[in-house]
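Asks: mind looking at a prediction? Sequence and model below.
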Amino acid sequence: MFTGYCSGKLQRITGSERLCGSFTVEAALVMPVVLIAMAISIRYGLNLHDEAIGNAALNEAIEIYGHFNRSYGGDGELYAEEAASMRLSSMLSQKSMGADIEESGDGCTGSITGVNYEKTITDNGFKPEQTMRRITLLDAVDD
């Protein structure tokens, strides 16, 4: 039977092994720090998730707006905002995000705003000639 000063090793008392009291005190000091760090990282992950959803919703709304205005001659804004609001309903941490789509020149401008987040995307419309010129230029530079 061993008794006496505990130096961080297992102490033997009456045939059974037990930990010293200092381990309990250290765990009581370390565990809140670990739990707070986990909570902060989970919150950061939720914010990243919501930003990704917001970006996807805004891109989809801009595409829907352009498609409806080019193909059907109008009502793109209504369908785009409805699609964005449906996508934004799956937010985890920022429930108060909203989308706004406006016509600007040949294309449209969409913005999404939340509590700590704001994103604006401008679409200049579909211009196939300009796209073909850029592809030709890239092919020429690549050679």
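Replies: Ah, there it is. Residues are numbered from 1 along each chain as shown.

Asks: using CSV, list the CA coordinates for the helix or strand harbouring Arg133.
Replies: Arg133 is located in helix 128-142, with elements delineated by DSSP states H and E. Extracted in CSV, the C-alpha atoms of helix 128-142 (Å, rounded to 0.1, in the frame of the first residue of the first chain):
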residue,chain,number,x,y,z
PRO,A,128,-22.9,35.7,-77.0
GLU,A,129,-20.7,37.8,-79.3
GLN,A,130,-18.7,39.2,-76.5
THR,A,131,-18.3,35.7,-75.0
MET,A,132,-17.0,34.3,-78.3
ARG,A,133,-14.5,37.1,-78.7
ARG,A,134,-13.1,36.4,-75.2
ILE,A,135,-12.8,32.7,-76.0
THR,A,136,-11.0,33.5,-79.2
LEU,A,137,-8.7,35.8,-77.4
LEU,A,138,-7.9,33.2,-74.8
ASP,A,139,-7.2,30.6,-77.5
ALA,A,140,-4.8,33.0,-79.2
VAL,A,141,-3.0,33.8,-76.0
ASP,A,142,-2.8,30.1,-75.1
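
Asks: quick check: buried residues in it?
Replies: Residues of helix 128-142 include none that count as buried (16 or more other C-beta atoms under 10 Å). Quick note: C-beta positions are derived from backbone N, CA and C, even for glycine.

Asks: residue boundaries of the helices in this structure?
Replies: 21-72, 76-88, 128-142 (DSSP state H).

Asks: can I get these in a markdown table with distance to Gly107?
Replies: Below are the helices of the chain laid out as a markdown table (distance: least, C-beta to C-beta, whole Å):
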| stretch | distance to Gly107 |
| --- | --- |
| helix 21-72 | 7 |
| helix 76-88 | 11 |
| helix 128-142 | 12 |
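
Asks: tell me which of the ones you listed sits most buried.
Replies: helix 76-88 (a mean of 19; mean count of other C-beta atoms under 10 Å).

Asks: for Ser89, grab phi and psi.
Replies: phi -70, psi -10 (degrees, to the nearest 10).

Asks: next, count neighbours for it.
Replies: 11 (other C-beta atoms under 10 Å).

Asks: wouldn't Ser104 be in contact with Thr120 here?
Replies: No. Ser104 lies out of contact with Thr120 (C-beta atoms under 8 Å); the separation is 10.9 Å.
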